[in-house]
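> Sequence and predicted structure below; questions after.
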Amino acid sequence: MEPIRIDRATDLDRRTIYRLRHQVYALELGQHAACPEAELTDALDGHNEYLTASVNGQLMGFVSLTPPGRRYSIDKYMAREDLAFPVDDGLWEVRLLTVLDPWRGGPVAALLMYAALRHVEAAGGTRIVAIGRREIRDLYVKAGLEPLGRQFRAGAVTYELMSARVTDLCRHADRQATLLRRLADRVDWRLPAPFAAASIAYHGGAFFKAIGEQFDDLSRRHRVINADVLDAWFPPAPGVLDALREHLPWLVRTSPPTQCAGMLQAIASARGLDVDGLVPAAGSSALIFLALPLWLSPSSRALILDPSYGEYAHVLEHVVGCRVTRFPLARRDGYRVDLDRLATLLRERFDLVVLVNPNNPTGQHIGARELQQVLIGAPRETVVWIDEAYVDYVDSNASLDRWAQTTSNVVVCKSLSKGLALSGVRAAYLCGAQRLVDSLRRLTPPWAVGLPAQLAVVTALRDGPYYAGRYRETHALRDELAAGLRTGGELDVLAGTTNSVLCHLPDGGPTAAEVTARCRERNLFIRNAGATSRTLGDRVLRVAVKDRDTNRRIVELIGASLVQLVDAPLARR
């Protein structure tokens, strides 16, 4: 059997859909009166989206998705204040699930419902609402939607109101793994969102596939540009490398200090912190996976920036399973955080607020004084988590770690990997409100950070002037890279404050996935930023800053990839 193609509707598809809507909903079901034009459309078609199922070019079925911010079809039947869930910028409506003869009873309806979920999830939606025909109510329930006990009549058709959170629908889909595997064998999936939801958060590091993940020939690294992760372009301080080289045999065979005492004391001295208010970890991700499932439950509410570091959404939605509200950041505003709006949101009863500052992947930074003034107004019951992985690139005095230790509800998570050029050895710390720190220290395992990493951190923190000079160099290199990428005119580049730039591709041209694929053929690895943060769409790249010669090569390779894609649009399709 030919595979079933799942895709977004084209303009030509829409005209066919309008005719089929008339055939099914007017002539067959009697919901609407027949019209001379033999087409059925409504005001929602001005802003909704259609997903289609087809085989060999023949339409088998379709479903309509109404995004947030406009009217929904449910508005015709009941007032929004009567709904048992909020009508906010995370609510999508799924409607007009339609399968044509002779494909009813097969997998088409299930594929369209699953496609709708994956599309809404990828767009950052938090809840789906639907009014399904009573005759196919069980199909909606099997997809995970919950009937809400409200029915409506439209012509000869009775509809029932149903809804569910996207996180609950995703968990329900995960339980249908066997069915989904069977469907995957029969589908030609053309949606931007992947068919299968990732079991882990999307990260960079794809360059290791070119080097070899079993490290059999590390000389291959010299042929690869790994600009898809934000590792430092410069080496650690010379004293770090000297110490590791001198003592390496002993370091790799010896157990480290059990509680990382020397490393924590070095951090406390360098940052002016209370050493008893620090939690060590092998990287900031270890702290995220330790703290968030401990402090939260599925009934919790969390607020995150969007776009932002994807690990937070993954842990909150797929590990904890709590309700996540996204604070959307707009391109037209340079992805800056509106502090007045943030202050308003903080008055709500969130259990956790996550602020990555400077933000990743946008590189935008909120000043310490301005952010502190906003956070003072947060309810004491709200835990505020500030991720400062890249704050050193702005200014070490921009950190809120010392202030956080004076509060009852603020913590700072600080990676020592990025700014100190120690990504390979993994080290981080958390500091802040003592009650929160104490809850984590009880669960921190012994030997949380390896001995080479502890020595590297202690030695690196003694050489502040070396790193300060490297940060100044990074600013100059970042500006040069941004200018080079802007030269051809195709890219709209946002430089930010960290060691990366964000590049917007023009509408109607190649997608970020296509550009990154072409670049990989040239051994250049850059990030498809939209795969990490949903609101960025499918035409945004993130590129790490490297040394001057490598930056020039990056500009050349991205330019060559764009030319190849623009000159060969048919091949790109």
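Now that the structure is in, tell me what you want to look at.
> In the host helix or strand of residue 293, which residues are buried?
Counting by DSSP states H and E, the element that carries residue 293 is helix 284-295. Using 16 or more other C-beta atoms under 10 Å as the burial criterion, the residues of helix 284-295 that qualify are 284, 285, 286, 287, 288, 289, 290, 291, 292, 295. All C-beta atoms are positioned from the backbone trio N, CA, C, and that covers glycine.
> Also stretch 79-94?
Residues of stretch 79-94 classed as buried under the neighbour-count rule (16+ other C-beta under 10 Å) are 83, 90, 91, 92, 93, 94.
> same check, this time on stretch 47-66
In stretch 47-66, residues buried by neighbour count (16+ other C-beta under 10 Å) are 48-55, 59-66.
> and if you look at stretch 334-351?
When neighbours are counted by 16+ other C-beta under 10 Å, the buried residues of stretch 334-351 are found to be 335, 337, 342, 345, 346, 350, 351.
> mind putting these in CSV, distance to residue 102, secondary structure and pLDDT included?
Below are the buried residues of stretch 334-351 laid out as CSV (distance: C-beta to C-beta, whole Å; DSSP: H, G, I helix; E, B strand; the rest coil; pLDDT from 0 to 100):
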residue, distance to residue 102, secondary structure, pLDDT
335, 49, coil, 96
337, 53, coil, 97
342, 54, helix, 96
345, 51, helix, 93
346, 55, helix, 93
350, 50, coil, 96
351, 51, coil, 97
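> With respect to residue 512, which of those is nearest?
Of all the buried residues of stretch 334-351, residue 335 has the smallest distance to residue 512: 16.1 Å, by C-beta to C-beta.
> Give me the pLDDT value at the residue nearest to that closest one when sequence neighbours are not counted.
Of all residues not flanking residue 335 in the chain, residue 362 sits nearest, at 3.9 Å (C-beta to C-beta, 6 or more residues apart in numbering). For residue 362, the pLDDT comes out at 96.
> next one: residue 199
55.
> same question, residue 569
Model confidence at residue 569, expressed as pLDDT, equals 49.
> Show me what counts as buried in stretch 223-234.
Neighbour-count burial for stretch 223-234, counted by 16+ other C-beta under 10 Å, picks out 224, 225, 226, 227, 228, 229, 230, 231, 232, 233, 234.
> show me where the stretch 351-500 of the chain has helices.
Taking DSSP state H, counting those that start in this stretch to define them, one finds helices in the stretch 351-500 of the chain at 368-375, 401-404, 434-441, 451-460, 464-486.
> In which helix or strand does residue 61 reside?
Here residue 61, judged by DSSP H and E, is contained in strand 58-66.
> Tell me which residues are up against that strand.
For strand 58-66, the surrounding residues in contact (C-beta atoms under 8 Å, 6 or more residues apart in numbering) are 4, 9, 13, 16-17, 20, 44, 47-54, 72-73, 92-100, 103, 108-109, 112-113, 115-116, 119-120.
> Equivalent analysis for stretch 70-82, please.
Under the contact criterion C-beta under 8 Å, 6+ apart, stretch 70-82 has outside partners 42-44, 47, 66, 83, 87, 91, 93, 95, 129, 131, 150, 152, 159, 161.
> pLDDT score for the residue nearest to residue 419 when sequence neighbours are not counted?
Ranked by C-beta to C-beta, 6+ apart and with sequence neighbours excluded, the top spatial neighbour of residue 419 is residue 392, at 3.4 Å. The pLDDT attached to residue 392 in the predicted structure is 95.
> pretty sure residue 562 belongs to a helix, no?
Yes. According to DSSP: H, G, I helix; E, B strand; the rest coil, residue 562 belongs to a helix.
> Spatially nearest residue to it, not counting backbone neighbours?
With sequence-adjacent residues excluded and distances taken as C-beta to C-beta, 6+ apart, residue 562 is closest to residue 490, at 5.7 Å.
> Hmm, the one you found is touching residue 506, no?
Yes. Proximity of residue 490 to residue 506 meets the contact threshold set by C-beta atoms under 8 Å, at 5.9 Å.
> okay, those two: which has more neighbours?
Regarding residue 490 and residue 506, a neighbour count based on other C-beta atoms under 10 Å identifies residue 490 as having more, with 18 against 13.
> ok, the more buried one to residue 192 distance?
As defined by C-beta to C-beta, to the nearest Å, residue 490 lies at a distance of 20 Å from residue 192.
> try residue 553
Remark: distance between residue 553 and residue 192 (C-beta to C-beta) = 29 Å.
> okay, and for the stretch 451-573 of the chain, where does confidence drop off?
534, 568-573 (pLDDT under 70).
> same thing with the chain?
Within the chain, the set of residues satisfying pLDDT under 70 comprises 1, 197-205, 534, 568-573.
> returning to that earlier point: among the contacts of stretch 70-82, find me the one that's closest to residue 422.
Distance from residue 422 was checked for each of the contacts of stretch 70-82 by C-beta to C-beta. The minimum falls on residue 91, at 43.2 Å.
> who touches that closest one in this structure?
When contacts are counted by C-beta under 8 Å, 6+ apart, residue 91 is found next to 68, 72, 85, 125, 126, 127, 128, 129.
> 6 Å instead, please
Under the criterion of C-beta atoms under 6 Å, 6 or more residues apart in numbering, the neighbours of residue 91 are 68, 127.
> Bridging across strands, which residues link to it?
Bridge pairing for residue 91 (DSSP bridges) gives the partners residue 127.
> what's in contact with stretch 213-231?
Here stretch 213-231 has contacts from 204-207, 210-211, 423, 499-500, 523-527, 543-544, 554, using C-beta under 6 Å, 6+ apart.
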